[in-house]
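Colleague: Using only what follows, build the 3D model:
(2 chains)
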Amino acid sequence: MAHQLEKRVLLEHAEDAALRTLEGYRRLAGGYATQERAYRELEQDEVLKELEDSGLRGRGGAGFSMGKKASFLPRGDMAKYLCCNADESEPGAFKDRELMQRNPHQLIEGIAIAALAADAGHAFIFIRGEYDEQADILDVAVAEAYEAGYLGTNILGCHRDLELVVHRGAGAYICGEETALLDALEGKRGNPRLKPPFPAVQGLYGGPTLINNVETLSNVPHIVRHGAEWFKGFGTEQSPGTKVVSISGGVRRPGNYEIELGIPTRELIYGLAGGPEEGHEIKAFFPGGSSSPVLTAEEGLDLPYSFEAMAEAGSMLGSGSIIVADDRVSIPHLALRTARFYHHESCGKCVPCREGTNWTVKMLERMVRGEATPMDLDIVSSVQQNIIGHCLCVLGDSMAMPVGAMVRKFREEFEEVMADPELVLDPHAVVRGAPETLGAST
Amino acid sequence: MSPVDGPGAVNPNLPVDPAVREGRVPGRAEEEVPELHEVNCPEELRERIETLMGRYPDRRSASIPALWAVQERYGWCTPEGIRQAAAVMRVTPAYLESVASFYDLLHTKPVGSHRIEVCTNISCWMRGADRLLDAFKEAAGDDDETFFVTGFECLGACDIAPMASIDQRYYGPLEAAEAGVAIDQLRAGDEVLPEKALAKRGLAGDS
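Modeller: Sure thing, here's the model as predicted:
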């Protein structure tokens, strides 16, 4: 039984392994009935209007209106494409993995309906190479959908064609950025492109392309089935719908929980994920993956978990992934671990990101080794300021925002580490000066 | 002193590409697309790559899948394998090398047949990932070349932190002591840590 705070729409029946098969998806969830109705009875504009009216916001990180994005695609006879972004690589995010593993057909049906809205004839699921198990599941599900006539040529006798290819990446965080994803899908190194032109106008192979996240597309069958009004009945005015939230780090029950947007963050972290371990308090948390500026417990716990409330607090909902750091976690070490990730994943195309991530890591390493000078803290801050907004894509910003926030909000902790020449600090440490880590989960 | 540190940055003994001294001369030393009869490509690999190319509107889209196929066949992206794929795809080997070297899961150097990636990102790090990585390295040993153990950036499984991907399947949460168990199971050809496989976990909210 799901917890009373959960509201399962996308994860409904997900505990049943049969849902993964086409037969199970039809039987348990009434699967593909919505695609059939949309293909037989609805026009492109009707589907688009339903999606726009629902107010569904992209679940990949930016939170842009999905219907609006789809409406930006030009009309005409040119080849148009739909890409499902399944390159989930944001530290802290693992919701798309769960959705694809447990309910692959929901995603395929969502893609088929979204392809109608975008008038796309070719669709791709770009899944990160590490998710081999989930890609295998998708391969089987796609084959089943072809077999049953939900994909392919002349689908359901409606004179519509849709080819769907599961494309495995090979390990690069940057491919989750939509234009880097397009380059990777075209068979190149995954470097971001200069925007504009935006993918909606000129994307894959130069054609108009709609790119949406797994969770966004998984919402589509439900919206078209029950209508925009039904969807808006969940969540808040600016953040309608339910959201699968990944909670991890210093909590007792890490995992994916589907909730109505707008419930108090405290309920999510304590009620659903069990809160921090016995005898510990929350020090800070990332509300939307490692790219979101950290919030202290005082700032963040009593905010509603919604796009607008997180933005007002100077952070973001992002992909909806909460990483909790309890009172033991050393923030300078956390900053170093965060910066290292972006340094490793920077594609190297833009100087502020390539050099900025590199020098941030070097300076943070100096700090936790006790080799920094007092001015280094200000230099780190100014480096972050000089990255934000100065790169082709947001990878650099994604390091600069959380690291900048950590230095700003926990300055004393950094100063303590830097001021103590006696303290020889282990750069691997989680808890300052101790070999301890947070307890293993069960 | 050069602002670039590291050996070789100012080393006058290193060969300099003539293009640096004389500028790029069109047509000179241009790499050519190898012909199929020159590369001795196994029939099976050729067919596989051709099928992959057929799935995309543009054949070059098959470069990552083709490199996966090469890696599966030879254990890593060998220079010969890359030449073979290049001949089938009608692209230069350098093009495929540039792709292979960009991605963390494609190996341009020999690696062991069992690949163990231990996530060392934030959530796993907090729960002891560094110790787990050390335990895997120790259990695999330095001499046994069948194992390739490496730390890895976020694998998207923070719910089972600390975790590892063993031969492309996820396991967690792992105790450091389980690293040795997993390595022994791999050596014996047994199923790896069956009770820790991600595939067997229920939904978090149901437990």
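Colleague: Report the contact partners of the closest residue to chain A within chain B.
Modeller: Per Cβ to the nearest Cβ, residue B:204 is where chain B lies closest to chain A, at 2.1 Å. For the C-beta atoms, the positions are set from N, CA and C on the backbone; glycine is no exception. By Cβ atoms under 8 Å, 6 or more residues apart in numbering or on different chains, the contact set of residue B:204 is A:253, A:254, A:255, A:256, A:257, A:273, B:159.
Colleague: if we go to 7 Å?
Modeller: By Cβ atoms under 7 Å, 6 or more residues apart in numbering or on different chains, the residues touching residue B:204 are A:253, A:255, A:256, A:257, B:159.
Colleague: Which ChimeraX command selects the buried ones in those residues?
Modeller: Of the contacts of residue B:204, the buried ones go into a single ChimeraX selection, burial set by 16 or more other Cβ atoms under 10 Å in any protein chain shown:
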select /A:253,255,256,257 /B:159
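Colleague: Show me the contacts of residue B:204 that map onto strands.
Modeller: When the contacts of residue B:204 are checked against strands (DSSP state E), the matches are A:255, A:256, A:257.
Colleague: Just give me the neighbour total for residue A:132.
Modeller: 18 (other Cβ atoms under 10 Å in any protein chain shown).
Colleague: wouldn't it be in contact with residue B:167 here?
Modeller: No. Look at residue A:132 against residue B:167 with Cβ atoms under 7 Å: they stay out of range, at 9.0 Å.
Colleague: Residue ranges in chain B under the pLDDT threshold?
Modeller: B:1-30 (pLDDT under 70).
Colleague: In it, what residue spans correspond to strands?
Modeller: B:114-119, B:147-152, B:164-166, B:169-171.
Colleague: which among the ones in strands among the contacts of residue B:204 are in contact with chain B?
Modeller: A:255, A:256, A:257 (Cβ under 7 Å from any Cβ of the partner chain).
Colleague: what's the distance between stretch A:244-253 and the middle of its chain?
Modeller: Put simply, stretch A:244-253 sits 15 Å off its chain's centre (Cα atoms, centre = their mean, to the nearest Å).
Colleague: of all the ones next to chain B among the ones in strands among the contacts of residue B:204, which comes closest to residue A:437?
Modeller: residue A:255 (19.4 Å; Cβ to Cβ).
Colleague: so that closest one touches residue B:159, yeah?
Modeller: Yes. Counting by Cβ under 7 Å, residue A:255 does reach residue B:159; the two are 4.6 Å apart.
Colleague: Check the ones in strands among the contacts of residue B:204 against residue B:37 and report the nearest one.
Modeller: Nearest to residue B:37, judged by Cβ to Cβ, of the ones in strands among the contacts of residue B:204 is residue A:256 at 52.5 Å.
Colleague: Could you check how far residue A:212 is from chain B?
Modeller: In this structure, residue A:212 and chain B are 18 Å apart, going by Cβ to the nearest Cβ, to the nearest Å.
Colleague: Surely that residue is in contact with residue A:66?
Modeller: Yes. Here residue A:212 reaches residue A:66: they are 6.2 Å apart, a contact under Cβ under 7 Å.
Colleague: Residues that sit against both of those two, list them.
Modeller: In contact with both residue A:212 and residue A:66: residue A:58, using Cβ under 7 Å, 6+ apart.
Colleague: number of nearby residues for residue B:181?
Modeller: So residue B:181, with other Cβ under 10 Å, has 16 neighbours.
Colleague: nearest spatial neighbour of the residue of the stretch 251-400 of chain A found nearest chain B, skipping sequence neighbours?
Modeller: Nearest residue of the stretch 251-400 of chain A to chain B: residue A:255, at 2.1 Å (Cβ to the nearest Cβ). Computed as Cβ to Cβ, 6 or more residues apart in numbering or on different chains, the closest residue to residue A:255 that is not its neighbour in sequence is residue B:204, at 2.1 Å.
Colleague: what does residue B:36 give?
Modeller: Nearest non-adjacent residue to residue B:36, counting by Cβ to Cβ, 6+ apart: residue B:87, 4.8 Å away.
Colleague: Now do the contacts for that neighbour.
Modeller: B:34, B:35, B:36, B:39, B:41.
Colleague: okay, among these, which ones form the most distant pair?
Modeller: Among these, B:35 and B:41 lie farthest apart (Cβ to Cβ), at 10.4 Å.
Colleague: Looking at the two, which one has more neighbours?
Modeller: Comparing residue B:35 with residue B:41 by other Cβ under 10 Å, the one with more neighbours is residue B:41, at 22 against 9.
Colleague: If you drop the residues flanking it in sequence, what lies closest to the more buried one?
Modeller: residue B:84 (3.9 Å).
Colleague: ok, that neighbour - how many residues close by?
Modeller: 28.
Colleague: separation between residue B:172 and residue A:345?
Modeller: To residue A:345, residue B:172 is 22 Å away according to Cβ to Cβ, to the nearest Å.
Colleague: Tell me, how many residues neighbour residue B:43?
Modeller: With other Cβ under 10 Å as criterion, residue B:43 counts 7.
Colleague: Near the closest residue to residue B:74 other than its chain neighbours, how many other residues are there?
Modeller: If the residues on either side of it in the chain are set aside, residue B:74 comes closest to residue B:81, at 4.7 Å by Cβ to Cβ, 6+ apart. Neighbours of residue B:81 under the rule other Cβ under 10 Å: 26.
Colleague: Nice, that's everything, thank you.
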